[in-house]
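>>> Sharing a model prediction with you, sequence too.
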Amino acid sequence: MVNDDASAWPRDLKIFALLVSVWGAGLIARVVTHALMFYSVVDLQAVIGGIKFFGDDAKYVLVGQALMFEAIGIGIFAERRWGLVLALAYLTQVVISHLVFIIAYMPNPTEAGHVRLAALEGPVTVAILLYVWVRSRTILLDET
């Protein structure tokens with residue numbers, strides 16, 4: 001399907017797709033560099049669904065997240081609706097995951113720094129979700 005200039009998707013969505021793909025590549029690089037270290041003082045950590053993962057489990061979660069980011073980037077860059085749906089679904093999961101993480105780990109004093117960081121990231125993730133929704137609404141709902 002070839003799009004002409006009149007029906008092309010907004011340029012800022014293409015930039016978003018590029019940034020998402022770069023983020024996914026960064027996650028893969030993080031996993032690879034951590035795997036190449038002979039001795040690492042800090043273990044990998046990943047959070048998905050409000051659940052914290054460490055070590056090999058965190059590697060699998062990070063690789064899964066990277067693949068999701070790459071799929072979102074490819075879908076949006078190729079101007080496929082499924083890319084936007086995937087982005088909205090994943091970003092919704094991220095917002096809910098932050099909320100679950102904050103609620104679950106708030107009573108734990110050793111996680112106070114991570115909870116504080118998640119609370120600061122929360123409004124940013126909601127803003128990104130709203131941005132993608134506002135920019136994709138006309139594409140997904142065929143509004144003119």
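Good, I have the coordinates.
>>> which secondary structure elements does whatever helix or strand L88 lives in contact?
According to DSSP states H and E, L88 maps onto helix 81-105. Where contact means 3 or more CB pairs under 8 Å, 6 or more residues apart in numbering; DSSP states H and E, helix 81-105 is packed against helix 11-36, strand 45-48, helix 55-77, helix 112-141. C-betas here are computed from N, CA, C, even on glycine.
>>> In terms of mean pLDDT, which of the ones you listed ranks lowest?
Mean pLDDT is lowest for strand 45-48 out of the helices and strands packed on helix 81-105, coming in at a mean of 86.
>>> Can you list the buried residues in that strand?
46-48 (16 or more other CB atoms under 10 Å).
>>> Tell me which strands it pairs with, and in which orientation.
In the sheet, strand 45-48 lines up against strand 51-54 (antiparallel) (DSSP bridges).
>>> T92: which of the buried residues of strand 45-48 is nearest?
I48 (13.1 Å; CB to CB).
>>> got the contact list for the closest one?
When contacts are counted by CB atoms under 8 Å, 6 or more residues apart in numbering, I48 touches 61, 64-65, 93, 97.
>>> what about 7 Å?
The contact partners of I48, by CB atoms under 7 Å, 6 or more residues apart in numbering, come to 61, 65, 97.
>>> Same question for V94.
T125 are the contacts of V94 under CB under 7 Å, 6+ apart.
>>> measure it to W9 for me?
Per CB to CB, to the nearest Å, V94 is found 22 Å from W9.
>>> can you check V124 too?
23 Å.
>>> more neighbours, those two?
Neighbours per residue (other CB atoms under 10 Å) separate V124 from W9, with W9 holding more: 20 against 10.
>>> Need the three-state assignment for the more buried one.
Using DSSP: H, G, I helix; E, B strand; the rest coil, the structure places W9 in coil.
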